[in-house]
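>>> My questions concern the predicted model and sequence given below.
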Amino acid sequence: MTSVPPERLRLVGREEPSAAALSWVMNLDDSDSPRDIIDALALAPYVNGEQPHALSTELDGVKPEASLLPDDARILRTSDDENTKALLAVGEGWTLRVVLRASGTAQLDVCAVTKDLARTVLEVCTTDATVEPETDASQVSMGFWHYGAHGPQRRERVIGAPAWSEIEGNYGSEVGAAMHRLMRVRAADVNGRLLLLHGPPGTGKTSALRALAREWSPWCQVDCVLDPELLFANPGYLMEVAMGVDTYDEHKRRWRLLVLEDCDELIRGSAKESTGQGLSRLLNLTDGMLGQGRDVLVAITTNENLSRLHPAVIRPGRCLAQLEVGRLSSAEATAWLDRELIDRARPPVGPDGMSLAELIEAREDRHRIHAAEPPPLTDGGYL
């Protein structure tokens, strides 16, 4: 039995283009959607040179009643699905593609016979079309870098972040006081480019960094690098991340904090032998030639003990902060449980105290599924 290939619809643009135009062909089959047709038709007058000037814009907080169209627009195509509405509209000398998302964001692309006309169409479509979104202080924007098939990729998403005042009691008195000072740092106070948070797993290092992202949000953008081992092994990747996304407006330019989690191999004493140039490139980013002129800070979390870290990492003047985040002492853990379990009996606290993860497990009364009694956790464990 032979398979029959799906039929394809062939859309052909101008067959004899002028010197300033391009011919185009679009092949369609049953895997294509109405949105794909709209996208192709919106580009056609730009590709063939009839409308050679294009402008685009992204909108946030689009009003539900906003049409995003000029009054004289003629709608040629529409496409609606569960989360997105798209349309193609034309007018005298212009073509407009509108994509409206359920989240209240929209993308507008217009091409026209002149740049002034394209700009006018966009201005008409966007005037009084948005509202200022309500701000949620518990949400912060964070970038996530990874190296993909097409090179360095950055995706931005909104994450929940606690205020420092909400979680300050989750840390011992000494480290809590040091973190309090760190949370109050502003751009003018920066006197080192490296932040080190080291200590056993489950002690709240990541929670502290999320709170830091919130406290620093007015002046610092926080980006998390998902593959730090590749970052420092690939000079092109490192350069892309170090350059970042800048604005030409110096008044709006912000610092950036690159977060590298669980980078034990990169900064331990044997780093030179195990990671090659990785350690050197990290140091170059923080206070070497690569870091010059770049408002970049690097935060590293590690489970390594301070005595095992490479001396070049912890030398004076390199670190803005160097914090050992440990278990709460027996007295501190007892006070934490008494505060959190007001109407419930608290579990006993041993002489070694408890980690934040253990305290939260006790507060939430979580029960793990075990085939056998688990061995006690040690500081050498890894979460």
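That came through fine.
>>> All the strands of the stretch 201-350 of the chain, residue numbers only.
Shown for the stretch 201-350 of the chain, the strands assigned by DSSP state E, counting those that start in this stretch span residues 220-225, 255-260, 296-302, 319-324.
>>> so which of the ones you listed gets nearest residue 337?
Comparison of those against residue 337 by Cβ to Cβ identifies strand 319-324 as nearest, at 22.7 Å. Heads up, the C-betas are built off the backbone N, CA and C, glycines and all.
>>> Give me the helices and strands touching the closest one, please.
helix 173-183, strand 194-198 (3 or more Cβ pairs under 8 Å, 6 or more residues apart in numbering; DSSP states H and E).
>>> That one pairs with which strands?
strand 194-198 (parallel) (DSSP bridges).
>>> average model confidence for the partner strand?
Across strand 194-198, the average pLDDT comes to 90.
>>> do the same with stretch 209-222
Rounded mean pLDDT across stretch 209-222 is 95.
>>> Residue nearest the middle of this protein, spatially speaking?
For the chain, the residue sitting closest to the mean C-alpha position, by Cα atoms, centre = their mean, is residue 143 at 1.8 Å.
>>> ok, now which ones touch that residue?
154-156, 221-224 (Cβ atoms under 8 Å, 6 or more residues apart in numbering).
>>> Double-check that it belongs to a helix.
No - counting by DSSP: H, G, I helix; E, B strand; the rest coil, residue 143 falls outside a helix, being strand.
>>> In space, what's closest to it - neighbours in sequence excluded?
residue 223 (3.8 Å; Cβ to Cβ, 6 or more residues apart in numbering).
>>> Could you check how many residues crowd around that neighbour?
When neighbours are counted by other Cβ atoms under 10 Å, residue 223 registers 20.
>>> follow-up on the earlier one: the strands of the stretch 201-350 of the chain: which one's closest to residue 183?
With Cβ to Cβ as the measure, strand 319-324 is the member of the strands of the stretch 201-350 of the chain nearest residue 183 (10.2 Å).
>>> distance between that closest one and the chain's centre?
24 Å (Cα atoms, centre = their mean, to the nearest Å).
>>> before we move on, what about stretch 225-241?
That offset, for stretch 225-241, works out to 16 Å (Cα atoms, centre = their mean).
>>> With just CA atoms, put that stretch into PDB.
Only the C-alpha atoms of stretch 225-241 are listed here, as PDB (Å, rounded to 0.1, in the frame of the first residue of the first chain):
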ATOM      1  CA  VAL A 225      21.600  31.200  33.200                       C
ATOM      2  CA  LEU A 226      20.300  27.700  32.900                       C
ATOM      3  CA  ASP A 227      23.400  26.100  31.500                       C
ATOM      4  CA  PRO A 228      26.400  27.900  33.200                       C
ATOM      5  CA  GLU A 229      28.800  25.100  32.200                       C
ATOM      6  CA  LEU A 230      28.200  26.000  28.600                       C
ATOM      7  CA  LEU A 231      28.300  29.700  29.300                       C
ATOM      8  CA  PHE A 232      31.900  29.700  30.400                       C
ATOM      9  CA  ALA A 233      32.900  27.000  27.900                       C
ATOM     10  CA  ASN A 234      31.600  29.000  24.900                       C
ATOM     11  CA  PRO A 235      33.200  32.500  24.400                       C
ATOM     12  CA  GLY A 236      30.500  33.500  21.900                       C
ATOM     13  CA  TYR A 237      27.700  32.600  24.400                       C
ATOM     14  CA  LEU A 238      29.500  34.400  27.200                       C
ATOM     15  CA  MET A 239      29.900  37.500  25.000                       C
ATOM     16  CA  GLU A 240      26.200  37.500  24.100                       C
ATOM     17  CA  VAL A 241      25.100  37.300  27.700                       C
END
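>>> Settle this for me: the residue nearest to residue 143 is touching residue 141, isn't it.
No - Residue 223 is not in contact with residue 141 according to Cβ atoms under 8 Å; the separation is 10.0 Å.
>>> show me where the stretch 101-250 of the chain has helices.
115-126, 164-167, 173-183, 205-215, 228-231, 235-243 (DSSP state H, counting those that start in this stretch).
>>> Show me the shaky parts of the stretch 1-150 of the chain.
1-23, 133 (pLDDT under 70).
>>> Tell me where it has strands.
9-12, 25-28, 53-59, 74-80, 84-91, 94-101, 106-112, 139-148.
>>> Any chance of CSV for those, columns distance to residue 233?
Listed next are the strands of the stretch 1-150 of the chain as CSV, based on distance: least, Cβ to Cβ, whole Å:
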stretch, distance to residue 233
strand 9-12, 45
strand 25-28, 40
strand 53-59, 34
strand 74-80, 44
strand 84-91, 38
strand 94-101, 37
strand 106-112, 36
strand 139-148, 10
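>>> how about these, which one is nearest residue 68?
Closest among the strands of the stretch 1-150 of the chain, using Cβ to Cβ: strand 94-101, at 5.1 Å.
>>> That closest one to strand 106-112, inter-axis angle?
170 degrees (axes from the mean of the first three to the mean of the last three Cα atoms, to 10 degrees).
>>> for strand 94-101, packing partners?
helix 34-47, strand 84-91, strand 106-112, helix 115-126.
>>> follow-up on the earlier one: pipe the strands of the stretch 201-350 of the chain into a markdown table and attach distance to residue 131 per row.
Output for the strands of the stretch 201-350 of the chain, formatted as a markdown table (distance: least, Cβ to Cβ, whole Å):
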| stretch | distance to residue 131 |
| --- | --- |
| strand 220-225 | 25 |
| strand 255-260 | 29 |
| strand 296-302 | 34 |
| strand 319-324 | 39 |
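>>> and the spatially closest residue to residue 118 that is not a sequence neighbour, how many residues sit next to it?
Nearest residue to residue 118, sequence neighbours excluded (Cβ to Cβ, 6+ apart): residue 112, at 3.9 Å. For residue 112, the neighbour count with other Cβ under 10 Å is 26.
>>> again, but for the one 4 residues further on
Residues contacting residue 116 under the criterion other Cβ under 10 Å number 10.
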